[in-house]
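K.L.:
here is my input, please return the structure:
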Amino acid sequence: MAPGRNITEDNLVLMRDISVSFGKVKALDGVNFSVGHDEIVGLLGDNGAGKTTLIKTLLGLIRRDSGEIFYDGKRVDFRSPAEARVAGIETVYQDLALVNLMDIERNFFLGREIVKKVGPFRFLDKKKMRNFTEAHLDTVGFRDHDTAAKLVNSLSGGERQKLAIARACNFSSKLLILDEPTASLSETETEEILDIVLEAKKKGISVIFVTHNAQEVFEVADRFVVIQNGRNLANISKKDTDLKEIEKLIISSRLSAIRQMAARVAHQIRNPLGIMKVTAEMLRDDFEVKKNKKDHDRLTTMLLNEIDTLNTTINNFLDFAKQLKIKRGPVRIEEIIEGAMLNVPINKFENVRLYMEIKNRGKIYNLDRRLIEQAIGNILNNAFEASKPGKSVTLKSFENEDKMVIEVKDQGEGFDMNNVKQLFSPFFSTKTNGTGLGLSIVKRIVEEHGGSVTAESQPGHGSLFRINLPKFEANP
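P.N.:
Residues are numbered from 1 along each chain as shown. I've put the predicted structure just below:
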């Protein structure tokens, strides 16, 4: 830091200990955030982490409970985005703030229309606005003549995004804020947006790039701030990290949010469930039924069975909510698979055959044996349950470049590939008894080990689950 300067002068934006609450919900809890002069900052975090709330607090859309905001060396308290615009801050929101039934030139100058005087009257100077708009749209990839005269609802999603960003870049003098600017855009359109961001920096404009996708912002950002559950998780310069490390932080943030959600669900359901079970037991044991006793016993037994199923689900949620503690150690792949088989009740599936092909037999890996056995066991159990009698389950283990791969294929009915993302959600189950958290636990274990799990299916012909783990070999 230069002599005579302080941290508020060295940063264009400085937010200290920002806290925001919505009722009993703490959206931001002591967050610190800064943006330097001529700097692009990637503001990262999973959905619901607090990124947009932080931006809206800076702009005055949300009132903070506590904390300080400094902008351009002075303490500020913007009361609205209009005040922030006067200070040189332009924002492109997720909804783009465009009027579909107006033409492009009117949208470009929305709230800042150029007027000309004719005697005592004022009229929109449409010619000047159109010429100015077309000149600036040309710089962001609009090539058609008379583009500015088109209605906004005639543009594609990518074109609307470019229009909103071009407008913000034109009127921003110091800071440009982009909230999820590449959502739903093609790869080509995303690259065009990133080029615009870099051009803004060349003009001396700082940029806050809000996203949950580390890959899209990594190319252009100078620094990354990661928020998790309304708190700071990381503040890293690009020169001190790489894309894999940033993505690991995002995965960690996502897993933490899911764990907390699972714990809250389990806690809120458990108490009324206990009351239901006691009531059902009383109905079964303490009340004399003279007529239809058989039906009475059948209904109370069914109710108790369903309560036990729910209780199992809640216990799974509580297990899922616990923090995983990875304890790596040297272990052979065949030992892991042997341990995983112990987690599968093979005697229940006597009519389903198992074929195994282990090409990396004898290789030793540095893994948490207990957790990886659980992950493979869950997938195997899922495959056996999916397979019909007389069909087979195939397990393969091999190495592929820098990965150790485990594949489990069944011959069941398969699933709709449109639901593949839901398969690994803790709130989704392929089981009829509603107790299946197996696949979500698999995903969590594998990601905690730095790997990934994928699923493929052909309805009516079975499914294939693939675990990819970094090939951390250990010495024998």
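K.L.:
can you give me the domain boundaries for the protein?
P.N.:
7-88+172-241, 257-321, 329-470 (automatic domain parsing).
K.L.:
what helix or strand does Val442 sit in?
P.N.:
Val442 is located in helix 438-448, with elements delineated by DSSP states H and E.
K.L.:
okay, that helix in PDB with CA atoms only?
P.N.:
Taking Å, rounded to 0.1, in the frame of the first residue of the first chain, the C-alpha atoms of helix 438-448 are listed here in PDB:
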ATOM      1  CA  GLY A 438     -28.200 -43.900  -2.000                       C
ATOM      2  CA  LEU A 439     -27.400 -42.100  -5.200                       C
ATOM      3  CA  SER A 440     -27.100 -38.700  -3.600                       C
ATOM      4  CA  ILE A 441     -24.800 -40.100  -0.900                       C
ATOM      5  CA  VAL A 442     -22.700 -41.700  -3.700                       C
ATOM      6  CA  LYS A 443     -22.400 -38.300  -5.400                       C
ATOM      7  CA  ARG A 444     -21.400 -36.600  -2.200                       C
ATOM      8  CA  ILE A 445     -18.700 -39.200  -1.300                       C
ATOM      9  CA  VAL A 446     -17.200 -39.200  -4.800                       C
ATOM     10  CA  GLU A 447     -17.100 -35.400  -5.100                       C
ATOM     11  CA  GLU A 448     -15.500 -35.200  -1.600                       C
END
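K.L.:
how far away from the center of its chain is that helix?
P.N.:
16 Å (Cα atoms, centre = their mean, to the nearest Å).
K.L.:
got it, and stretch 224-233?
P.N.:
13 Å.
K.L.:
one step back: helices or strands next to the helix holding Val442 in the packing?
P.N.:
The contact analysis (3 or more Cβ pairs under 8 Å, 6 or more residues apart in numbering; DSSP states H and E) places helix 438-448 against helix 243-285, helix 293-321, helix 369-386, strand 452-458, strand 462-470. (Glycine included, C-beta is placed from N, CA and C.)
K.L.:
so the shortest one versus strand 462-470, what angle?
P.N.:
Interaxial angle, strand 452-458 versus strand 462-470 (axes from the mean of the first three to the mean of the last three Cα atoms, to 10 degrees): 160 degrees.
K.L.:
I'd like the numbering to begin with 27 instead of 1 from here.
P.N.:
Right, with 27 as the first residue, what we last looked at is strand 478-484.
K.L.:
ok, and what's touching strand 478-484?
P.N.:
With contacts defined as Cβ atoms under 8 Å, 6 or more residues apart in numbering, strand 478-484 is touched by 401, 440-443, 446, 449-450, 468-469, 472-473, 489-494.
K.L.:
correct me, but Ala194 touches Ile115?
P.N.:
No - if you go by Cβ atoms under 8 Å, Ala194 and Ile115 don't touch, sitting 9.5 Å apart.
K.L.:
buried sites along the helix or strand harbouring Val223?
P.N.:
Using DSSP H and E, Val223 sits within helix 213-228. Neighbour counts using 16 or more other Cβ atoms under 10 Å place Glu215, Thr216, Glu218, Ile219, Leu220, Ile222, Val223, Ala226, Lys227 of helix 213-228 among the buried residues.
K.L.:
with only the CA atoms kept, save stretch 409-418 in PDB.
P.N.:
Output of stretch 409-418 as PDB, limited to C-alpha atoms (Å, rounded to 0.1, in the frame of the first residue of the first chain):
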ATOM      1  CA  ALA A 409     -28.500 -52.100  -9.900                       C
ATOM      2  CA  PHE A 410     -29.600 -55.300  -8.300                       C
ATOM      3  CA  GLU A 411     -33.000 -53.800  -7.400                       C
ATOM      4  CA  ALA A 412     -33.400 -52.500 -10.900                       C
ATOM      5  CA  SER A 413     -32.600 -55.800 -12.600                       C
ATOM      6  CA  LYS A 414     -35.300 -58.400 -13.300                       C
ATOM      7  CA  PRO A 415     -34.900 -62.100 -12.300                       C
ATOM      8  CA  GLY A 416     -32.700 -63.900 -14.900                       C
ATOM      9  CA  LYS A 417     -30.900 -60.700 -15.900                       C
ATOM     10  CA  SER A 418     -27.400 -59.600 -14.900                       C
END
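K.L.:
name the residues of it that are buried.
P.N.:
Buried residues in stretch 409-418 (16+ other Cβ under 10 Å): Ala409, Phe410, Glu411, Ala412, Ser413.
K.L.:
buried subset of the contacts of strand 478-484?
P.N.:
Using 16+ other Cβ under 10 Å, the buried members of these are 401, 440-441, 449-450, 468-469, 472-473, 489-494.
K.L.:
among those residues, which two are most distant?
P.N.:
Based on Cβ to Cβ, the longest span within the buried ones among the contacts of strand 478-484 runs between Gly440 and Glu473 and measures 24.2 Å.
K.L.:
count of residues packed around the residue nearest to Ser423 when sequence neighbours are not counted?
P.N.:
Nearest residue to Ser423 in three dimensions, chain neighbours excluded: Ile384, at 4.7 Å (Cβ to Cβ, 6 or more residues apart in numbering). Burial of Ile384 is recorded as 16 neighbouring residues (other Cβ atoms under 10 Å).
K.L.:
I'd guessed Ile384 sits against Ile363; true?
P.N.:
Yes - between Ile384 and Ile363 there is a contact under Cβ under 8 Å: 6.8 Å.
K.L.:
which residues are common contacts for these two?
P.N.:
Joint contacts of Ile384 and Ile363 (Cβ under 8 Å, 6+ apart) are Ser423.
K.L.:
thinking again about what came up before, relative to Lys264, which of the buried ones among the contacts of strand 478-484 is nearest.
P.N.:
Glu473 (23.4 Å).
K.L.:
which pLDDT value goes with that closest one?
P.N.:
Looking at Glu473, its pLDDT reads 85.
K.L.:
quick check: it vs Ile191, distance?
P.N.:
33 Å (Cβ to Cβ, to the nearest Å).
K.L.:
counting by contacts, list what the host helix or strand of Leu204 packs against.
P.N.:
With secondary structure defined by DSSP H and E, Leu204 is part of strand 201-205. Judged by 3+ Cβ pairs under 8 Å, 6+ apart, strand 201-205 is in contact with helix 77-85, strand 115-118, helix 183-197, helix 213-228, strand 232-237.
K.L.:
make TSV out of those and add mean pLDDT and distance to Ile359.
P.N.:
Converted to TSV, the helices and strands packed on strand 201-205 look like this (pLDDT from 0 to 100; distance: least, Cβ to Cβ, whole Å):
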stretch	mean pLDDT	distance to Ile359
helix 77-85	92	40
strand 115-118	86	49
helix 183-197	74	46
helix 213-228	83	37
strand 232-237	92	37
